[in-house]
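Enquirer: got a predicted structure here, sequence first:
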Amino acid sequence: MHVSKRVQSIEPSPIRKIIDLSESRSDIIGLHAGEPDFTTPSHIVEAGVRSLRDGYTHYTHGAGILQLREAIARKLHGENGIEANPKTEITVTAGGFAAIFAITQATLDPVDEVLILQPSWPSYSGFVRLAGGVPVPVSLQGPDFEPSRKMLEHHTTEKTKMIVINSPNNPTGSVYLRDCLSSLAEFAQDHDMLVVSDEVYEKIVFDGNEHFSLASRPEFRDSVVTVNSFSKTYAMTGWRVGYVIANESITTSIRKIHGYMVSCAPSDAQRAALGALLGPQDCVNEMVGEYAARRDWIVKGLDEVEGFRCVAPKGTFYAFPDVSRLNIPSAEIANKLLEEAKVASIPGSAFGAAGEGYLRFSFATSQQNIEEGISRVKAWRSKCK
Ligand code: PLP
């Protein structure tokens, strides 16, 4: 069979398998989803539909329509403190996925090592492998999953080229403080490494926790590449629009790869994204308010399950309870929950070895689903005894 060694080196996302399985069964309560359950706010949908009616049905500039890049630049300046030139430093991509794929293809050479703070979104390792690189997990410890410079030092070799940081974090819900993030970026700079800062959950933060963008510090302008997306903030996962901010030379390389992949992000979706940035932002606050209420229900419920310990996530829409006291591999627990309790969750091991002993439950679903899911998990636990 003519399948490349690169492709043979990766597995489909373990999360995808669970999604496919639970979607094929109507008796399952899905607490596994990695996307907002809300539909895209209507003024954004209208902007997309209008663009099609107005004839925006063609390829766009490979880096995205300039108006959108300009709106992104204003957003970055106003909200993130990042100064980026829309002509040379911002690229609109087909979602965060295409952004990270393009970054890794554009900057990694075979056998370059990439530090990945784990537990982490499983796709990072796949992107690194597809670029010929070697993912090097840096294990973080719960309940805070706080990274430190020392941990990076321990895993750094002369081949280390990149570090991937994701805050707010999928799956742990951690939101790293400015000082913590800065010390990691300083370490990266000292060792001539690139930092990929994945900020796709930036808006979903609770209790006054603040998201900090590393690229806002001028000294990191050349060493930090920032990834963001419209998917989680505006409930736009299906539209496929994300963006990357990088210095001009990296941006030129990212654009080459993105051009070869998809030519450009979908034209109507880019106009919808423009509508999202130019329109009212109350929809974002409303969705985040709803996630905050759901977070409280799910954390309380999970923490009451015998053998589970659940701390409140500072951001994202994931709860990540510690289930290590059950002394059963997380994949087995998730499987039993699916088959016996009819509740879909994601085993912590899907996020790397450091995720073992945890389960990820998404609260991007209705209160009713959360309540029913939790009561099923509780009933299942009492039967196990
Ligand atoms: N980064 C993280 C941490 C994610 O969880 C996801 C999606 O689940 C993405 C990036 C990519 O999202 P999208 O391609 O929809 O922007």
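Expert: Nice, I can see it. A quick note: this is a predicted structure, and the numbers were derived from the prediction, not measured. Residues are numbered from 1 along each chain as shown.
Enquirer: average pLDDT across the helix or strand containing Arg271?
Expert: According to DSSP states H and E, Arg271 maps onto helix 267-278. Averaging pLDDT along helix 267-278 yields 98.
Enquirer: and it, anywhere near the ligand?
Expert: No: Helix 267-278 does not reach the ligand (CB under 6 Å from any ligand atom); its nearest approach is 11.1 Å. (C-beta placed from N, C-alpha, C; glycine too.)
Enquirer: mind starting the numbering at 20 from now?
Expert: Noted, 20 is the first residue going forward, which turns the last one into helix 286-297.
Enquirer: buried sites along that helix?
Expert: Going by neighbour count (16 or more other CB atoms under 10 Å), the buried part of helix 286-297 is Ser286, Asp287, Ala288, Gln289, Arg290, Ala291, Ala292, Leu293, Gly294, Ala295, Leu296.
Enquirer: so which bits of the stretch 220-369 of the chain are right by the ligand?
Expert: Ser248, Ser250, Thr256, Gly261.
Enquirer: helix/strand/coil for the third one?
Expert: When the structure is split into helix, strand and coil by DSSP: H, G, I helix; E, B strand; the rest coil, Thr256 lands in coil.
Enquirer: what is the neighbour count of it?
Expert: Neighbourhood size, Thr256 [other CB atoms under 10 Å]: 18.
Enquirer: so who does it touch?
Expert: Thr256 makes contact with Glu54, Pro55, Gly114, Ser250, according to CB atoms under 8 Å, 6 or more residues apart in numbering.
Enquirer: could you identify the helix or strand that succeeds the longest helix anywhere in the chain?
Expert: If each helix of the chain is counted by residues according to DSSP state H, the longest one is helix 301-323. Using DSSP H and E, the next helix or strand after helix 301-323 towards the C-terminus is strand 337-338.
Enquirer: now find how far off-centre that next one is within its chain.
Expert: Remark: strand 337-338 is offset 13 Å from the chain centroid, using CA atoms, centre = their mean, to the nearest Å.
Enquirer: now do stretch 369-383
Expert: Counting by CA atoms, centre = their mean, stretch 369-383 comes out at 14 Å from the chain centroid.
Enquirer: and that stretch, what's buried?
Expert: For stretch 369-383, the neighbour count (16+ other CB under 10 Å) marks 369-371, 373-383 as buried.
Enquirer: how about JSON lines for those, with secondary structure added?
Expert: JSON lines is the format used below for the buried residues of stretch 369-383 (three-state DSSP):
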{"residue": "Ala369", "secondary structure": "helix"}
{"residue": "Phe370", "secondary structure": "helix"}
{"residue": "Gly371", "secondary structure": "coil"}
{"residue": "Ala373", "secondary structure": "helix"}
{"residue": "Gly374", "secondary structure": "helix"}
{"residue": "Glu375", "secondary structure": "coil"}
{"residue": "Gly376", "secondary structure": "coil"}
{"residue": "Tyr377", "secondary structure": "strand"}
{"residue": "Leu378", "secondary structure": "strand"}
{"residue": "Arg379", "secondary structure": "strand"}
{"residue": "Phe380", "secondary structure": "strand"}
{"residue": "Ser381", "secondary structure": "strand"}
{"residue": "Phe382", "secondary structure": "coil"}
{"residue": "Ala383", "secondary structure": "coil"}
